[in-house]
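**Student:** generate a structure from the sequence data that follows.
(4 chains)
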Number of protein chains: 2
Amino acid sequence: MIAGNFFSKNKMVLLYGASLAILLFLLKWLELRFIIYDYSFEIYAGSIALIFTSLGIWLALKLAKPKMQTVIVEREVYAGADFILNAKEQAALGVSKRELEVLELMAEGLSNDEIAGRLFVSLNTVKTHSSKLFEKMEVSRRTQAVEKGKRLRLIP
Amino acid sequence: MIAGNFFSKNKMVLLYGASLAILLFLLKWLELRFIIYDYSFEIYAGSIALIFTSLGIWLALKLAKPKMQTVIVEREVYAGADFILNAKEQAALGVSKRELEVLELMAEGLSNDEIAGRLFVSLNTVKTHSSKLFEKMEVSRRTQAVEKGKRLRLIP
DNA sequence: TTCCGGGTCATACTTTAGGGTGATTTTATC
DNA sequence: GATAAAATCACCCTAAAGTATGACCCGGAA
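**Tutor:** Numbering: from 1, shown residues only, chains lettered A, B, ... in the order given. I've put the predicted structure just below:
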């Protein structure tokens, strides 16, 4: 992409040079035909113009180069910071705080054993919590609990 | 698109050529009017150099401008309702359509057996799909797969 | 004080999920 | 038509999840 642009730019410069040369020759020809004042002066002026134009181009390209390296790639930040717990649903289902904690960790994809480690309790305790949670939420699997929990806004 | 670019570039060149011709003619005209090449040849040459250098700079900047427009800013606010599958991630992970279907049903909280019934395939097939899916997604549990799938926008 | 709900833990058991291997068939793709 | 990828299915085994039951502790309410 960048190399392509550079190539096209060079191409442009060359094209410009060619057209300039053609123009100058055309001028020269016209000059020779109609007004022949100073022969060597025209060549001198033309070459000066050519050289300094190319110098200007080169200078500008050289100076503008660092300016063009603005490559910005922005990705999403996974918004959803605005989570408010649906306390009514929680109360309606009779889900306790601890059970909600378990549900949250379930949603993160943790196993019962990992949840036990996270909450500093035994595996059996987590199992008890999850069992009661499933009963209260009227589901039979952790995946269902997570899905329903997200739907009822018990978890983000 | 490409033809258009080329045309506009050529247009630029032609425009430049025209302006160059005009400038040269103007110079010629000035020359004829005041006859400056006798005593101030240096001034003449210097002004030519100056004019054409700035012309070159201007030209180069003009041509370099479209290069700066290649900046693509991708901002996502994650509205929620409009789900668009992240095909890049799917391709990057090598997740097939069928595996995505299984993942979707997993996210709904269905068991492997239920997924098998939904897709009219055997339980073993679902297991194979899920196994490959987990391998590709680099997870080890369905809950993790669902969580990561939602995060990478493979599923709503 | 008694009672109850929440939290803790344990044991035993069943079900589901997941890993590994191998095979066949369909479907693109070159 | 050969090749590769996807989809299908089976069997075996282990790990994890889920069910059932019982027990203990603790703090607040009746």
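**Student:** domain-wise, how is chain A divided?
**Tutor:** Each structural domain of chain A that the record assigns through automatic domain parsing is listed here as a residue range: A:2-68, A:87-151.
**Student:** worst average pLDDT in the ones you listed?
**Tutor:** Per-stretch averages of pLDDT across those put domain A:2-68 at the bottom, with a mean of 54.
**Student:** quick check: residue A:130 touching residue A:102?
**Tutor:** Yes - taking contact to mean C-beta atoms under 8 Å, the distance of 5.9 Å between residue A:130 and residue A:102 places them in contact. Any C-beta I mention is one placed from the backbone N, CA and C, and that applies to glycine too.
**Student:** so for these two, which residue has more residues nearby?
**Tutor:** Between residue A:130 and residue A:102, counted using other C-beta atoms under 10 Å in any protein chain shown, residue A:102 has the larger neighbour count: 29 against 19.
**Student:** before we move on, which element is the more buried one in?
**Tutor:** Following DSSP states H and E, one finds residue A:102 within helix A:97-107.
**Student:** give the next helix or strand downstream of that helix.
**Tutor:** Per DSSP H and E, the first helix or strand lying C-terminal to helix A:97-107 is helix A:112-119.
**Student:** the very next helix or strand once past that following helix close to chain B?
**Tutor:** Going down the chain from helix A:112-119, the next helix or strand is helix A:123-137, by DSSP H and E. No - counting by C-beta under 8 Å from any C-beta of the partner chain, chain B is not contacted by helix A:123-137; separation bottoms out at 10.7 Å.
**Student:** show the subsequent helix or strand relative to helix A:123-137.
**Tutor:** The element immediately downstream of helix A:123-137 (helix or strand, assigned by DSSP H and E) is helix A:142-151.
**Student:** buried ones in that next one?
**Tutor:** For helix A:142-151, the buried set under the neighbour-count rule, 16 or more other C-beta atoms under 10 Å in any protein chain shown, comprises A:142, A:143, A:144, A:145, A:146, A:147, A:148, A:149.
**Student:** and it, what does it pack against?
**Tutor:** Counting contacts by 3 or more C-beta pairs under 8 Å, 6 or more residues apart in numbering or on different chains; DSSP states H and E, helix A:142-151 packs against helix A:97-107, helix A:123-137, helix B:97-107, helix B:142-151.
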